[in-house]
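> Need coordinates for the following:
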Amino acid sequence: MLRRIHTWIIFGVCLVAVIVAIGWISRAVLRVDQAETAAREQAELEGNVRLALWRIDALLAPFLARQIALPVSAYTATFRSQEGTAAADPGEAFVPSPILTPAADTIRLHFQYGPDGALSSPQVPTGPWREPALACCTNPTAIREYERRLQAFQSRFSHEQLLAALRTSVRPPRAEIVLASEFGDLNALDDRQVQNLRSSIEWNKRADVYREMVAQPVVSDSSAGPDTTREYGGAGTPGGVGYTANAGRLEPVWLDDALLLLRRVPGDDGELLQGCWLEWRLLRRQLLKEILDLLTYAVLEPVTADRAAPRIHMSAWLPIQLLPGTLVHQTPRGFSPVEMMLLIAWSCILLPAVAVFILLAGVISLNERRGAFVSAITHELRTPLTTFRLYTDMLENGMVPEGKRSEYIQTLRTEAERLSHLVENVLSYARLERGSPGVRLETVTVDEILERIREQLSEHAQRAGMRLCVGSCRNANPVRTNVDLSAVERILFNLVDNACKYAESAPGKEIFVEADQDAHFAIVRVRDHGPGIAPRDARRLFRPFCKSASEAADSAPGVGLGLALSRRLARRMGGELTLDRSAGNADGACFILTMPVSG
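Prediction:
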């Protein structure tokens, strides 16, 4: 027992050491693999972000270019028909503003604050030319809608709020870089902006496009004279005061949750503030739809002065930030090559460990059973050998009275038969372990089998002081079965021998051997009136060499091999030997031998 514990301790320590070492290596390898996987996924995500920003900028560029290209005079409802630049007086022929008609869905309203701070909109004509403007408009209902929007804009925003927002607005990164490059003022950029300028190839590609958008040609106003032409270029508009035809750069501005495009236009009589109010929700929906295949869970959020954002994730033209979310893989990820290698490595470790465990358990169990067998068989051989030596010495020296002589000889014969039965069982089991030749099957009925061995079993029971009761099959048409007769005789002899040994002290001295049958099996039951078999002993009843020396000394003679041998012989013929557990201990033990019927 102590050796067994030491063996399992050594095995457990070695196994734990191997598992801990391989586990530590696996953990380190998995960390490296996860870091590489995360880096690849991050690189893929950044690539999709760059492509998504490119698509967003490509969609915004023509839209913003159209707004930048609008002349200053377009923010009034009408123009003189001849010059097409100054506002028309009542009664004159006029040309409607190009934005008098309904604008794009993403623009809520165009508006203008005059030098006096008065708010107007080219889409809401007023004064004497309101009716002519309504007459030439293709959709007068839209003008009424723009009136409602203008009122909402006036109640929501003030001139001062727009100017303050324009001063604190966040300039889109590419606009910053392009303007700084134009004026050679790279020192005005922070380190992050300079790094983005040098590393982003896309920004350099788009720089020329932006220059073309912000640098419009100069248009002179012939009626106002050459002095009205300013550095922004252009000609006069309302009231004959000189203003640029395309002055200032449209600046995107966030005011609360509203996105505005604003520009300041200097003039002789004061400054104009022009711009448009964008439909941010609709614009955002269109932009996200454009990148849906790249970033399924992307979000566009405003970038304001009090909300910093990584400039690499900002649009080139609008102060909006792209939050990419997570990538959606079309196909589910399987095991990575590293994970597959680790899985194979763990399998190569655990499977041999399980095999070694099973083999070690089998070897230990076999050694213990062999040790128990040697101890039991030594005890079994010592008793008859002692009897042989004592009785032969007494018979040889004439110490046995003549009336007792036959009794001594009968005792010697009984012990010899017991030794012969023990040796025969051991040899039969050894032949089965080595793989003996195939069985010799014969076709007989159960009654014929019992009749053949009745006399041998009866004599054996009588010598043990027991009486054998054999019951024939009650079926009128007994079935025939293919069996090895010598094996069946060995099985029944072992069962009767066990009944003789264990039921010797029982009140009932009968051993019942009964034949029966059903549609598939021929059945033989061997039953006695002994003490029965306890449930804890029934679990190891058919295990070979299960009786130790102490158990052999305290129980009936035997080494615990007969039932194991009998079951293996029964299974070798295609049958089975079982213990009838329905019978209680008070009813003795009952064993059932089943044999398949012949076809």
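> doesn't P384 make contact with R418?
Yes. When contacts are counted by CB atoms under 8 Å, R418 is listed as touching P384 (6.4 Å). Backbone N, C-alpha and C define where each C-beta goes, glycine included.
> Tell me who's in contact with Q462.
The neighbours of Q462, taking CB atoms under 8 Å, 6 or more residues apart in numbering as the test, are L468.
> tell me, which helix in this protein spans the most residues?
Counting by DSSP state H, the longest helix found in the chain is helix 2-69.
> Could you name the helices and strands sitting against that helix?
On a contact count with 3 or more CB pairs under 8 Å, 6 or more residues apart in numbering; DSSP states H and E, helix 2-69 meets helix 201-214, helix 280-290, strand 320-323, helix 337-396.
> Which stretch among the ones you listed is buried most, on average?
The highest mean neighbour count among the helices and strands packed on helix 2-69, using mean count of other CB atoms under 10 Å, belongs to strand 320-323: a mean of 20.
> ok so, going back, worst mean pLDDT among the helices and strands packed on helix 2-69?
Lowest mean pLDDT within the helices and strands packed on helix 2-69: helix 201-214, at a mean of 44.
> how far away is G465 from E510?
Distance, G465 to E510, by CB to CB, to the nearest Å: 11 Å.
> okay, the two: which has more neighbours?
Taking neighbours as other CB atoms under 10 Å, G465 and E510 compare with E510 leading, 16 against 10.
> how about the more buried one, phi and psi?
phi -90, psi 140 (degrees, to the nearest 10).
> What score does it have for pLDDT?
With respect to pLDDT, E510 has a value of 87.
> Just confirm it contacts H529, I think it does.
Yes. Applying CB under 8 Å, one finds E510 in contact with H529, separated by 6.7 Å.
> Could you look up the SS state of C469?
What DSSP: H, G, I helix; E, B strand; the rest coil gives for C469 is strand.
> got any ranges where the stretch 151-300 of the chain has weak pLDDT?
For the stretch 151-300 of the chain, the stretches with pLDDT under 70 are 173-248.
> again, only using 90
Scanning the stretch 151-300 of the chain for pLDDT under 90 picks out 164-251, 255-257, 264-272, 293-297.
> what packs against the helix or strand hosting R264?
R264 is located in strand 258-267, with elements delineated by DSSP states H and E. Other helices and strands packing on strand 258-267, by 3+ CB pairs under 8 Å, 6+ apart, are helix 159-167, strand 251-255, strand 270-278, helix 280-290.
> S26: what's it in contact with?
Taking CB under 8 Å, 6+ apart as the contact definition, S26 lies against 342, 345-346.
> Between the two ends of stretch 98-109, what distance do you get?
Across stretch 98-109, the terminal residues are separated by 14 Å (CA to CA, to the nearest Å).
> Mind listing residues that contact that stretch?
Stretch 98-109 has contacts (CB under 8 Å, 6+ apart) with 63, 70, 74-75, 77, 110, 121-123, 125, 133, 136-139, 142, 146, 149-150, 153, 276-279, 282-283, 286.
> From R284, how far off is the residue lying farthest from the centre of the chain?
Relative to the centre of the chain, the most outlying C-alpha is that of E402, 89.6 Å out, by CA atoms, centre = their mean. Counting by CB to CB, the gap from E402 to R284 is 126 Å.
> And A416, by the same measure?
Computed as CB to CB, the A416 to R284 distance reads 106 Å.
> How about T443?
Remark: distance between T443 and R284 (CB to CB) = 91 Å.
> Could you do L150 as well?
Distance from L150 to R284, by CB to CB: 23 Å.
> before we move on, what about L45?
As judged by CB to CB, L45 and R284 stand 20 Å apart.
> How about A52?
Separation of A52 from R284 (CB to CB): 13 Å.
> what's the answer for I143, then?
27 Å.
> can you check D306 too?
Using CB to CB, one gets 20 Å for the distance from D306 to R284.
> go on, M341?
With distances taken as CB to CB, M341 is found 46 Å from R284.
> about what we covered before: now restrict the contacts of stretch 98-109 to buried residues only.
Buried members of the contacts of stretch 98-109, scored by 16 or more other CB atoms under 10 Å, are 63, 70, 74-75, 77, 110, 121-123, 125, 133, 136-137, 146, 149-150, 153, 276-279, 283, 286.
> got any ranges where the stretch 1-150 of the chain has weak pLDDT?
For the stretch 1-150 of the chain (pLDDT under 90), the answer is 1-12, 15, 22, 33-34, 36-50, 53-54, 57-106, 114-118, 120-147.
> Now with 80, please.
Of all residues in the stretch 1-150 of the chain, those with pLDDT under 80 make up the ranges 1-4, 77-104, 126-143.
> What residue spans form the domains of this protein?
As assigned by automatic domain parsing, the chain contains the domains 2-44+332-358, 50-323, 359-596.
> burial measure for I107, as a count.
Using other CB under 10 Å, the number of residues around I107 comes to 20.
> can you pull out the strands in the stretch 451-599 of the chain?
With DSSP state E, counting those that start in this stretch as the criterion, the stretch 451-599 of the chain has strands at 467-471, 480-483, 510-517, 521-527, 576-579, 590-596.
> Out of the ones you listed, which is closest to W8?
strand 576-579 (31.2 Å; CB to CB).
> Which elements pack onto the closest one?
Counting contacts by 3+ CB pairs under 8 Å, 6+ apart, strand 576-579 packs against helix 562-572, strand 590-596.
> Now do that strand: distance to the chain's middle.
Centroid displacement of strand 576-579 relative to its chain, using CA atoms, centre = their mean, to the nearest Å, is 46 Å.
> Contacts for it next, please.
Here strand 576-579 makes contact (CB under 8 Å, 6+ apart) with 491, 533, 538, 541-542, 563, 566-567, 570-571, 589-594.
> mind listing what's buried in stretch 410-424?
412, 415, 418-419, 421-422.
> ok, those vs Q34, which is closest?
L422 (66.4 Å).
> after the particular helix or strand that has the closest one in it, next one along is what?
According to DSSP H and E, L422 maps onto helix 405-434. Scanning forward in sequence from helix 405-434 by DSSP H and E, the next helix or strand is strand 442-445.
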